[in-house]
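Novice: attaching a predicted model along with its sequence, questions to come.
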Amino acid sequence: MAKSVITIGPYHPLQEEPELFRLTIEGEKVLNIDVMVGYNHRGIEKLSESRTFDQATFVIERICGICSTSHPFAYTRAVEDIIGLEVPERAKYIRTIVAEIERIHSHLLWMGLAGHFLGYNTVYMWVWKLREEILDVLEALTGNRNNYAMFKPGGVRRDINPDDISFVLKKIDGILPTIEMLKKAILDDPVLHARLKGIGTFTREEAIDYCALGPTSRASGVARDVRKDTAYGAYDRIDWDMIVTENGDVFDKAVIRILETYESVKIVKTCLQNLPGGEIDLNITSIPPGEGIGAHEAPRGETFHYVRSDGTNRPVRHKVRAPTFMNLPTLKATVPGCTISDATIILAAIDPCYCCTERMVAVRSPEGDLLYNGDDLVRLSQEKTASIMKRMGIK
Amino acid sequence: METAKYLFLFIIFPGFLFTALVGFFSVWVDRKVTARVQWRVGPPFLQPLYDFFKLLGKETLLPKKGSPLVFLAAPIFSLMAIVLVSTILWVGIFWKQSFIGDLIVVVYLLIIPSLSFMIGAMASGNPLATVGASREMKLIIAYELPFLICLATAILKSGASIQLAVIASSPVIASISGALASIVVLLCIHAKLGFTPFDVAEAETEIMEGIFIEYSGIPLALIKLTQAMMLFTLPIFLITVFLGGMNFSGWGILWSILKYVLVLVLIIVIKNTNPRVRVDQALKFFWLYLVPVSIVAFLLALLGMIYGIAWL
């Protein structure tokens, strides 16, 4: 049978963000996969270097609309690492609460999308309706449904009103039966079992070799979770379990996400009930020269930020590594050998977030390596603008 | 005069126009029930009609590397076939006119839409359409076998007649074999309609509508129209052959419409409570589970005929 190449992306109903997967297929079977990102480079790191440390938090928050707490969490930890400070206890708890509610909403969002990718639009609509409750909770706590603007270096921007706690607890308790119903509906469906079990198996060895992160690695039996590995936030002060499964297939990744939702509910409830009093902000006035790193377990895996300061009010270097950057290459191990139908759900199972991952791609031409530096990019951009203006007759 | 009469039957009632209008109504029912199941509001009553006319006004793009004639002829053939099926069925229902062997003609005509979609997809030269066409081919192979065995059961139950009017007058479902065969045929019709869990050939999130990926404008509108008509005609076919037919005298009108709506809603609910299966799983489902069931139904019907037991 003849080999042919089909593409998933850059514009495809599977995923709304620009990314390109080139699948080499033989009939229904996928022989190879080529992953390309870099369609929508936004230069966030450079932007962040032109803002003050406080302003950069807002830019960083907009790296990703879904995990818009994870990036600020890692960034503020990096800045606090430069100073060598511990944030107040109450701020730690508030940070943990917002981060965990975000995890619930992110995992619910993934469940809905996974249903959509499988053609199960009823699950998609149901889960997204339930997710609205969580967004209501976030709105009550932070004032925003997304991009919460809660974090700042040295603490949090907004305190939790004691009157809101009972509302949040009620909402969180109210969502438990529906998650329970979803868990039963999704995990006991024989057709879903047939579609998900044994598909895209990612072994423990591969997970270690590829440095997979988050649920992608935990589904393969690698117990890797920043919340357990390093003590930060309120995670070391409360009792919760890391969910690890052994099979590494798509089904296990779904199981991990559903069970993690329960753990997040548990963490949020414990935090709200034991919320300590005191300050929420250290009111940092200056950042000394130095460099710092910060990590946070985002819903998709470890988000890692590196910040260097030269003593002014702006970072001189800010480096972001989103979890999808590490999880995308795992498709090389899981996709080849499966069918096209399975390939789509395997692509979705790492819960990819391309806007976090977008970065400049240097194109390798047959003549040799093409490496772009800043001047080249400016030149390319000017040439393109000139050619468009010429074509459209603009002087 | 005869020609004018047949043209009227084919084009106005109960052919093209009638089938199209009730087809759009069925699409609206489908979209509305789907929306209610999914906690949404759903579209207004005339939305399928608006969609159709809007598509008619869109530009028709032809694939450069394809074969334009075959590509454009495919939707027309599928439309003609389904209009003909509807005409034959409804002439039988309204005027009790049928000819010997019309069941066989209808069975052949019902394969034509799937076949012509497949050929049109192949003619477009798009690799995703080719994948879709190969899936459609596998799906046809999967569902036609149990479909035909179950029709044979219906023929046996109605006294070895291959005339729709005779089969319609005997409620096949009122027996064990007939009930089994009805369920199998319902699932086969589901696959013929290309609904989830058997929408492998279209599979929006995998191969971007697969067989229809290159269609636009008027040809796409014709395909949507064909699918709307199939959503109307195939349940009517199931009712005619298995559920005692449609009857438009006295209280029979209500009972007939109720039967149609029940079958339609059953199809829509199945569609909305299942994820899409893989094409190999679909083949396995039809051949490993439904073929044995339909063979059992056929044997029961045979025993029932030999020993004269009506409920078998």
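Specialist: Sure, I can see it. Residues are numbered from 1 along each chain as shown, chains lettered A, B, ... in the order given.

Novice: can you check which helix is longest in chain A?
Specialist: Once chain A is assigned using DSSP state H, the helix that runs over the most residues is helix A:89-117.

Novice: and that one, what other elements does it pack with?
Specialist: Using 3 or more C-beta pairs under 8 Å, 6 or more residues apart in numbering or on different chains; DSSP states H and E as the contact criterion, the elements in contact with helix A:89-117 are helix A:70-83, helix A:121-142, strand A:155-156, helix A:162-187, helix A:250-273, helix A:340-349. For every residue, glycine as well, the C-beta is placed using N, CA and C.

Novice: distance to residue B:150, mean pLDDT and mean neighbour count added to those, as TSV?
Specialist: Formatted as TSV, the helices and strands packed on helix A:89-117 follow (distance: least, C-beta to C-beta, whole Å; pLDDT from 0 to 100; neighbours: other C-beta atoms under 10 Å in any protein chain shown):
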stretch	distance to residue B:150	mean pLDDT	mean neighbour count
helix A:70-83	55	90	26
helix A:121-142	28	88	20
strand A:155-156	66	88	25
helix A:162-187	31	85	14
helix A:250-273	34	89	21
helix A:340-349	28	87	25
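
Novice: and these: which comes nearest chain B?
Specialist: Shortest distance between chain B and the helices and strands packed on helix A:89-117, using C-beta to the nearest C-beta, is found for helix A:121-142: 3.7 Å.

Novice: next structured bit after that closest one?
Specialist: Moving toward the C-terminus from helix A:121-142, the next helix or strand (DSSP states H and E) is strand A:151-152.

Novice: can you confirm residue A:304 is in a strand?
Specialist: Yes: following the definition DSSP: H, G, I helix; E, B strand; the rest coil, residue A:304 is counted among the residues of a strand.

Novice: tell me, how many residues neighbour the residue lying closest to it once chain neighbours are set aside?
Specialist: For residue A:304, the nearest residue in space outside its immediate sequence neighbours is residue A:321; the separation is 4.3 Å by C-beta to C-beta, 6 or more residues apart in numbering or on different chains. By other C-beta atoms under 10 Å in any protein chain shown, the residues close to residue A:321 number 18.

Novice: go on, the one 5 residues further on?
Specialist: When neighbours are defined as other C-beta under 10 Å, residue A:326 has 22 of them.

Novice: for it, give its distance to residue A:352.
Specialist: With the distance defined as C-beta to C-beta, to the nearest Å, residue A:326 ends up 11 Å from residue A:352.

Novice: same question for residue B:302.
Specialist: When distances are taken as C-beta to C-beta, residue B:302 and residue A:352 turn out to be 56 Å apart.

Novice: which one of those two has more residues nearby?
Specialist: The residue with more neighbours, out of residue B:302 and residue A:352, is residue A:352; 24 against 15, by other C-beta under 10 Å.

Novice: and stretch A:197-216, how far apart are its ends?
Specialist: Its first and final residues considered, stretch A:197-216 spans 15 Å by C-alpha to C-alpha, to the nearest Å.

Novice: quick one: average pLDDT of that stretch?
Specialist: This predicted structure assigns stretch A:197-216 an average pLDDT of 86.

Novice: can you mark which positions in it are buried?
Specialist: When neighbours are counted by 16 or more other C-beta atoms under 10 Å in any protein chain shown, the buried residues of stretch A:197-216 are found to be A:199-202, A:206-207, A:210, A:212-216.

Novice: what's the farthest-apart pair in those residues?
Specialist: Across the buried residues of stretch A:197-216, no pair lies farther apart than A:199 and A:213, at 20.4 Å, counting by C-beta to C-beta.

Novice: check residue A:381 and give its pLDDT.
Specialist: Note on residue A:381: pLDDT of 78.
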